[in-house]
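Peer 1: for reference, the sequence and a predicted model appear below.
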Amino acid sequence: MKIILLLIVAYILGSIPSGLWIGKVFYKKDIRQYGSGNSGTTNTFRILGAKAGFAVFLADLLKGTLATSLAYLPYVEINPLWLGLCAILGHVFPLFAKFKGGKAVATSAGMLLGYHPLFFLFSLAIFLVFLFITSMVSLSSMIAAVIITLSTFILPSIFPILLPETDGLLSCIAVIVTAFIFYLHRQNIQRIRQGNESRISFGLNKKSKKK
């Protein structure tokens with residue numbers, strides 16, 4: 001019963017629609033009615049600006065971290081990844097926003113932060129490198145998801161300080177989350193193929209574009 005309750009709490013934490021609430025309370029806007037219609041970090045940055053975007057990113061990140069960290073409470077025996085996965089599902093299908101949420105990226109990163117901070121830093125570095133190269137959050141997220149998933153199989157044998165041992169559950173969840181990320185970015189993939197995906201004011205692509 002305790003485990004079921006924790007899984008529900010993790011889902012509810014993930015369901016907190018940070019972008020939606022911040023937009024409505026501080027900017028009097030329903031973020032879902034603008035831009036991509038998504039309530040996540042990227043659309044918030046685009047519509048409400050950097051301050052709101054960073055706030056939503058941190059909130060969505062911490063949802064995953066806090067949910068995952070529930071496993072470390074006294075007398076709790078559950079793999080933290082299960083709680084992290086529930087938070088991700090809550091973020092994608094939020095109870096408080098008619099089950100229409102974000103694209104799983106920030107909350108998934110939060111799960112990694114709560115589970116293995118060094119692996120989180122490695123994953124963040126991968127994302128930032130590709131964001132610098134492409135200037136596209138969507139493409140960087142998808143590439144990073146694939147590399148992070150492959151890393152769960154490879155790192156334990158070549159660089160164990162980042163991931164000490166092969167973790168079958170982590171690899172399995174990484175595959176599931178990557179599939180989610182690709183599915184939720186399907187419209188972005190179409191725009192990338194057409195050459196009209198939105199870009200940010202950061203990285204090599206932006207510099208070459210200015211030239």
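Peer 2: Yes, it's here.
Peer 1: so which elements touch the top helix by length along the chain?
Peer 2: If you go by DSSP state H, the chain has its longest helix at helix 137-158. The contact analysis (3 or more Cβ pairs under 8 Å, 6 or more residues apart in numbering; DSSP states H and E) places helix 137-158 against helix 41-48, helix 105-115, helix 117-134, helix 168-184, helix 186-194. (Each C-beta comes from the backbone N, C-alpha and C, glycine too.)
Peer 1: quick check: what element follows the first one along the chain?
Peer 2: Sequence-wise, the next helix or strand downstream of helix 41-48 (DSSP states H and E) is helix 50-69.
Peer 1: right, and the helix or strand after that following helix?
Peer 2: For helix 50-69, the succeeding helix or strand toward the C-terminus, using DSSP H and E, is helix 80-92.
Peer 1: quick one, what contacts the residue most central in space within the chain?
Peer 2: For the chain, residue 105 is the residue whose C-alpha lies nearest the centre (Cα atoms, centre = their mean; 1.7 Å). Shown in contact with residue 105 (Cβ atoms under 8 Å, 6 or more residues apart in numbering): 40-41, 141, 145, 181.
Peer 1: most neighbours out of those, which is it?
Peer 2: The most neighbours of any of these, using other Cβ atoms under 10 Å, belong to residue 40, which has 28 neighbours.
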